[in-house]
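Q: Based on what follows, work out the 3D shape:
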Amino acid sequence: MLRHTLGYKLVKTTPLTTIQQILGHDHVATTNIYTLTTQQDMAEALANIEW
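A: Sure thing, here's the model as predicted:
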């Protein structure tokens, strides 16, 4: 659970490849498992787009 929490917190401010290195993953696909995005995260990202 700690790895998921760390990945989730880092993904908001840290490039995915950096998180990959921190977590010690060989493949970024593995890192994606630990950096899940919530519905609220997606809504906030879309709200920040200037059309």
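Q: Listing request: residues of this structure with sub-threshold pLDDT.
A: 1 (pLDDT under 70).
Q: Show me what the helix or strand harbouring residue 6 is packed against.
A: Using DSSP states H and E, residue 6 sits within helix 2-11. Using 3 or more CB pairs under 8 Å, 6 or more residues apart in numbering; DSSP states H and E as the contact test, the elements touching helix 2-11 are helix 16-23. Yep, even glycine has a C-beta here, placed from its N, CA and C like the rest.
Q: which residues are in contact with the following helix or strand past the helix it packs on?
A: Downstream of helix 16-23, the next assigned helix or strand under DSSP H and E is helix 28-33. With CB atoms under 8 Å, 6 or more residues apart in numbering as the test, helix 28-33 has contacts from 7, 16, 17, 19, 20, 23, 25.
Q: Go through these and name the one nearest residue 35.
A: residue 7 (4.3 Å; CB to CB).
Q: My guess is the closest one contacts residue 34. True?
A: Yes. Under the criterion of CB atoms under 8 Å, residue 7 makes contact with residue 34 at 3.2 Å.
Q: Find residues that contact each of the two.
A: Joint contacts of residue 7 and residue 34 (CB under 8 Å, 6+ apart) are 19, 23.
Q: between these two, who's got more neighbours?
A: Neighbour totals were compared for residue 7 and residue 34, and residue 7 leads with 22 against 19 (other CB atoms under 10 Å).
Q: which ones are touching that one?
A: Residue 7 neighbours (CB under 8 Å, 6+ apart): 19, 23, 31, 34, 35, 36.
Q: got a list of what the second one touches?
A: The one in question is residue 23. By CB under 8 Å, 6+ apart, the neighbours of residue 23 are 3, 6, 7, 30, 31, 34.
Q: Relative to residue 9, how far out is it?
A: Separation of residue 23 from residue 9 (CB to CB, to the nearest Å): 12 Å.
Q: what do you get for the last one?
A: Taking CB to CB as the criterion, residue 36 is separated from residue 9 by 12 Å.
Q: would CSV of the contacts of residue 7 with distance to residue 49 be doable?
A: CSV is the format used below for the contacts of residue 7 (distance: CB to CB, whole Å):
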residue, distance to residue 49
19, 23
23, 29
31, 25
34, 26
35, 21
36, 21
